[in-house]
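> Here's my sequence, what's the structure:
(one chain, ligands or ions: 1)
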Amino acid sequence: GLEEYEELLKDYDVWETIGTGGFAKVKLAQHKLTGEKVAVKIMEKEELGEDLPRVQTEIAAMMNLSHQHVCTLYQVIETPKRIFMVLEYCPGGELFDYIVSKDRLEECEARVFFRQIVSAVAYVHGQGFAHRDLKPENLLIDENHNLKLIDFGLCAKPKGGLECRLQTCCGSPAYAAPELIRGKAYIGSEADLWSMGVLLYALLCGFLPFDDENVMVLYRKIQRGKYELPSWLSSSSIQLLNQLLQVEPKQRISIKELLVHPWLTQEYGCDVECHSRFTLHHLDHQCIAELTTWFGGNHKTMWCLVSEWKYDHLTACYLILVAMKASGRPPCLLSSPQLLT
Ligand SMILES: O=C(Nc1ccc2c(c1)CCNCC2)c1ccc(-c2cn[nH]c2)cc1OCc1ccccc1
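Presented below is the predicted three-dimensional model:
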């Protein structure tokens with residue numbers, strides 16, 4: 001019923017549905033106060049069923065992740081029947097579709113994207129999370145042609161830190177690490193590195209290293225760890241793929257080594273940046289000032305209110321202003337408040 005959309009429609013103009021996934025649909029929307037475009041992921045609680053914990057996992061993770069290559073969660077609205085997630089706008093769609101549209105990427109373009117993926121994964125691991133579902137469908141392209149990592153529904157933040165072993169077999173078969181499909185206890189971050197190897201192969205080749213319509217045959221191919229090397233691959237690409245697609249997790253390259261790997265740093269002359277440009281709890285003065293001008297009160301009060309991180313409309317206004325500033329647009333709310341009456 002439309003009354004469920006009331007809270008969303010207060011602060012956003014909602015446009016067409018742009019995607020319908022498993023248990024969610026994604027609508028295009030526009031934030032009234034800034035005019036900024038956003039995406040709204042809408043989930044019906046009934047349809048979620050036992051997938052509801054996955055949404056709670058995703059929201060909890062995204063509230064603690066703030067990085068230039070991780071999709072930003074601006075606001076969460078929960079009604080009796082639905083959950084709405086207001087998210088960063090990524091009009092370039094999925095990396096998967098982009099690779100398909102170009103058949104495969106040249107090494108230099110694959111390097112630009114893979115550096116961003118490594119940067120995002122290094123940050124996520126640094127925050128104690130393993131993503132566990134890395135694949136081109138979970139990497140979106142924003143309006144500046146940069147990648148944004150999404151879908152933290154399967155991520156794990158083991159209590160005892162990333163070194164401790166996980167049990168749940170999850171993620172997409174073609175990207176799943178051998179130790180994960182063997183059903184053994186595995187280390188999430190090591191399994192993520194394998195998936196990144198499959199991802200890099202998909203970027204450079206335009207098809208998967210291990211593939212079969214019979215999932216048991218696919219599993220055997222993954223455990224065997226042998227894959228085709230098309231003629232167009234450079235020797236440095238082949239070497240990096242070999243270091244990522246090591247069946248034995250202890251032989252696999254680590255994320256730390258990846259950040260300084262020659263394949264990633266050549267033509268760049270610098271290591272991959274794993275730190276976030278936004279520190280989660282440092283507040284930007286200019287954006288706080290803009291909010292104070294609009295909502296009234298004083299700077300200090302506004303500072304405290306935003307610091308509560310309720311992921312309500314105030315959090316959305318603040319984070320959208322920060323995103324505007326990061327994109328080089330002046331972080332301002334509608335010039336005259338009375339416009340909204
Ligand atoms: O902004 C998002 N998507 C998006 C926005 C505009 C356009 C496109 C796509 C491509 C299709 N042509 C219209 C232009 C967008 C942002 C965040 C999330 C998201 C973040 N966590 N979970 C989901 C999902 C999003 O979408 C999914 C999608 C929809 C249609 C196709 C491809 C991808």
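
> Run through who's touching the helix or strand hosting Glu179.
Here Glu179 sits within helix 178-181, counting by DSSP states H and E. By CB atoms under 8 Å, 6 or more residues apart in numbering, the residues outside helix 178-181 that reach it are 169-171, 173, 186, 190-191, 194, 219, 222-223, 225, 247, 249. In this view, the C-beta of every residue, glycine as well, is placed from N, C-alpha and C.

> In terms of distance to Glu88, which of those ranks first?
Closest approach between these and Glu88, by CB to CB: Gly171, at 22.9 Å.

> my guess is the closest one is in a helix, correct?
No - per DSSP: H, G, I helix; E, B strand; the rest coil, Gly171 lies outside any helix segment and is coil.

> residues touching the closest residue to it other than its chain neighbours, list them.
The shortest distance from Gly171 to any non-neighbouring residue, by CB to CB, 6 or more residues apart in numbering, is to Asp133 (4.5 Å). By CB under 8 Å, 6+ apart, the contact set of Asp133 is Asp151, Gly153, Leu154, Cys155, Cys170, Gly171, Ser172, Tyr175, Ser195.

> quick one: pLDDT of the fourth one?
Confidence per residue is given as pLDDT, and for Cys155 that number is 82.

> tell me the pLDDT at the residue of the chain found nearest the ligand?
Residue nearest to the ligand within the chain (CB to the nearest ligand atom): Gly19, separated by 2.7 Å. Gly19 is assigned a predicted lDDT (pLDDT) of 93.

> Pull the contacting residues for it.
Lys25, Val26.

> quick one: strands adjacent to the helix or strand hosting it?
In this assignment (DSSP H and E), Gly19 forms part of strand 12-20. Strand 12-20 has these partner strands in its sheet, going by DSSP bridges: strand 25-31 (antiparallel).

> The strand it pairs with and the ligand, are they touching?
Yes - contact of strand 25-31 with the ligand (CB under 6 Å from any ligand atom) involves Val26, Leu28.

> returning to that earlier point: which SSE is the residue nearest to Gly171 in?
Using DSSP H and E, Asp133 is not contained in any helix or strand.

> Give me the contact list for the helix or strand hosting Leu241.
Per DSSP H and E: Leu241 is located in helix 235-244. Helix 235-244 has contacts (CB under 8 Å, 6+ apart) with 107, 193-194, 196-197, 200-201, 204, 209, 229, 233, 252-253, 261-264, 266.

> swap in stretch 249-261?
With contacts defined as CB under 8 Å, 6+ apart, stretch 249-261 is touched by 118, 121-122, 125, 177, 179, 186-187, 189-194, 196, 240, 243-244, 246, 264, 271-272, 274.

> Among these, name the ones in helices.
Using DSSP state H, the members of these that fall within helices are 118, 121-122, 125, 179, 189-194, 196, 240, 243-244, 264.

> Flag every buried residue along stretch 294-309.
Buried residues in stretch 294-309, counting neighbours by 16 or more other CB atoms under 10 Å, are found at Met302, Trp303, Leu305, Val306.

> Near the ligand, which residues of this structure? Just list them.
Residues of the chain found near the ligand (CB under 6 Å from any ligand atom) are 18-19, 26, 28, 39, 41, 71, 87, 89-91, 93-94, 140, 150-151.

> sorry, back to before: just the buried ones from the contacts of stretch 249-261?
Neighbour counting by 16+ other CB under 10 Å classes 118, 121-122, 125, 177, 179, 186-187, 189-194, 196, 240, 243-244, 246, 264, 272, 274 among those as buried.

> Can I get the buried part of the contacts of helix 235-244 as one PyMOL selection?
A single PyMOL command selects the buried members of these (16+ other CB under 10 Å):
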select buried, resi 107+193+194+196+197+200+201+204+209+233+252+253+261+263+264
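
> which of the contacts of helix 178-181 are buried?
Among the contacts of helix 178-181, those that count as buried by neighbour count (16+ other CB under 10 Å) are Cys170, Gly171, Tyr186, Glu190, Ala191, Trp194, Tyr219, Ile222, Val247, Pro249.

> From the residues you listed, pick the one nearest Glu6.
Among those, and counting by CB to CB, the member closest to Glu6 is Cys170, at 35.4 Å.

> Next, the buried residues of the helix holding Leu241.
In helix 235-244, counting by 16+ other CB under 10 Å, buried: Ser237, Leu240, Leu241, Gln243, Leu244.

> okay, it in CSV with CA atoms only?
Output in CSV follows, covering the C-alpha atoms of helix 235-244 (Å, rounded to 0.1, in the frame of the first residue of the first chain):
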residue,chain,number,x,y,z
SER,A,235,53.0,-12.8,-18.9
SER,A,236,52.6,-10.4,-15.9
SER,A,237,48.8,-11.0,-16.0
ILE,A,238,49.4,-14.7,-16.1
GLN,A,239,51.7,-14.5,-13.1
LEU,A,240,49.2,-12.5,-11.0
LEU,A,241,46.3,-14.8,-11.9
ASN,A,242,48.5,-17.7,-10.9
GLN,A,243,49.2,-16.1,-7.5
LEU,A,244,45.5,-15.5,-6.9
